[in-house]
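> got a predicted model here, sequence first, then my questions.
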Amino acid sequence: MKFQYVRLLTCLDSLKTEKGQGLVEYALILVLIAIVVIAIMTALGKETCKAFCTVNNALKQK
């Protein structure tokens, strides 16, 4: 009986591993970074395009 109890506790301990937890945390961090980058690019995209177009037009004239 003791052997089966110890075996059950060992099986339950192996189910409590935290290997997948780190992966989920990294995935959440990457998702948050992607959201921030998308928001910044959306906000600054038109201004960046204007700046590049201005430089391009200035180079074409010379």
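Cool, got the structure.

> shaky segments in the chain?
1-3, 5-9, 11-21, 62 (pLDDT under 70).

> looking at it, which helix is longest?
Longest helix in the chain, counting residues (DSSP state H): helix 19-61.

> and for Ile38, the neighbour number?
10 (other Cβ atoms under 10 Å). The C-beta positions use only the backbone N, C-alpha and C, and glycine is treated the same way.

> could you measure from it over to Gly22?
25 Å (Cβ to Cβ, to the nearest Å).

> likewise for Phe52?
Phe52 is 40 Å from Gly22, by Cβ to Cβ.

> what does Val36 give?
According to Cβ to Cβ, Val36 stands 21 Å off from Gly22.

> ok, Cys49 next?
39 Å.

> again with Asn56
Distance from Asn56 to Gly22, by Cβ to Cβ: 45 Å.

> likewise Ile35?
21 Å.

> and what of Ala58?
In terms of Cβ to Cβ, Ala58 sits 50 Å off from Gly22.

> same check, this time on Thr42
31 Å.

> next: Asn57.
Distance from Asn57 to Gly22, by Cβ to Cβ: 50 Å.

> and for Glu25, the neighbour number?
Other residues near Glu25 number 10, with proximity taken as other Cβ under 10 Å.

> wait, I meant Leu28
If we define neighbours as other Cβ under 10 Å, then Leu28 has 10 of them.

> and what of Lys60?
7.

> what of Gln4?
Neighbour tally, Gln4, other Cβ under 10 Å: 8.

> secondary structure element for it?
Secondary-structure assignment from DSSP states H and E places Gln4 in helix 2-15.

> buried stuff in stretch 22-39?
Under the neighbour-count criterion of 16 or more other Cβ atoms under 10 Å, stretch 22-39 has nothing buried.
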